[in-house]
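Colleague: have a look; sequence and predicted model below, questions after that.
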Amino acid sequence: MRGLIIGRYQPFHKGHLEVVKCVLKEVDDLIIGIGSAQISHTLENPFTAGERITMISEALKEEGLKCHYIIPIPDIWNNSLWVKHVIALTPSFNVVYTGNPLARRLFMEEGVEVREVPMFDRRKYSGTEIRRRMIMGEDWESLVPPAVARVIKQIKGVERLRDITRSDELTHLRRGDISP
Ligand code: NAD
């Protein structure tokens, strides 16, 4: 049986890793889909698809886990066609694992079996919280696998995120959206 998990992984954290471990107990083959693959260098999506693939493959290698396919999946601006788009880009799969309500609904409406995975300390293990800590100079490394922390340091990911924050603030200031 082949399973698909799909996410943005901005960045891949210990919650995601626990999901992979759970799913690997149920399937023979695993596909990890990198959603929003076309987006990078934004506050919500700072890392490129290639960087996210490197983070995930290094983290799985470090844990001795096997994932058969890591596939970038760009967004499309038509939710009703998204599942067909995912199917076109991936090897065939029998079951999808996702906690994302929209993804869950779209797969269910296309008749794909969807299974939920338990949440692992979602408040702490969350991309939003990790990116916030990076910007604020707080501890983020303990929330990601060591291999992911190494990749983020190699690509100077924290500096990138802080630069983007600065340029966003400047843009807002120029537009007069927020007061100084
Ligand atoms: P994410 O990286 O936030 O999460 C990935 C998965 O991990 C989700 O299933 C989430 O529930 C799970 N997860 C996160 N933290 C966890 C924790 N602590 N414990 C256990 N599980 C945890 O990614 P996401 O935003 O869910 O990714 C969905 C992707 O699908 C996005 O890229 C989105 O753009 C894409 N999408 C695209 C379309 C379209 O193009 N029309 C439509 C629907 C979805």
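Modeller: Cool, the structure landed.

Colleague: measure Thr128 to the ligand for me?
Modeller: Remark: distance between Thr128 and the ligand (C-beta to the nearest ligand atom, to the nearest Å) = 8 Å. All C-beta atoms are positioned from the backbone trio N, CA, C, and that covers glycine.

Colleague: now the helices: where do they sit in the chain?
Modeller: For the chain, the helices defined by DSSP state H cover 14-24, 49-63, 79-89, 101-109, 127-136, 146-154, 157-175.

Colleague: and the second one, what does it pack against?
Modeller: Packing contacts for helix 49-63, counted by 3 or more C-beta pairs under 8 Å, 6 or more residues apart in numbering; DSSP states H and E, involve helix 14-24, strand 29-35, strand 69-73, helix 146-154.

Colleague: and these, which is most packed in?
Modeller: Using mean count of other C-beta atoms under 10 Å, the stretch among those with the largest mean neighbour count is strand 29-35, at a mean of 22.

Colleague: if you average pLDDT over that strand, what comes out?
Modeller: For strand 29-35, mean pLDDT rounds to 97.

Colleague: ok, and what's touching that strand?
Modeller: 1-9, 20, 23-24, 49, 52-53, 56, 66-73, 75, 86, 89-91, 93 (C-beta atoms under 8 Å, 6 or more residues apart in numbering).

Colleague: at 6 Å instead, please
Modeller: Residues outside strand 29-35 that contact it (C-beta atoms under 6 Å, 6 or more residues apart in numbering) are 2-8, 49, 52, 67-73, 90, 93.

Colleague: near the ligand at all, stretch 59-71?
Modeller: No: Stretch 59-71 lies out of reach of the ligand by C-beta under 6 Å from any ligand atom, never closer than 12.4 Å.

Colleague: so how far is that stretch from its chain's centroid?
Modeller: 14 Å (C-alpha atoms, centre = their mean, to the nearest Å).

Colleague: ok, and for stretch 102-122, which residues are buried?
Modeller: Ala103, Arg104, Leu106, Phe107, Glu110, Val112, Val114, Val117, Phe120 (16 or more other C-beta atoms under 10 Å).

Colleague: what is the end-to-end distance of it?
Modeller: 18 Å (C-alpha to C-alpha, to the nearest Å).
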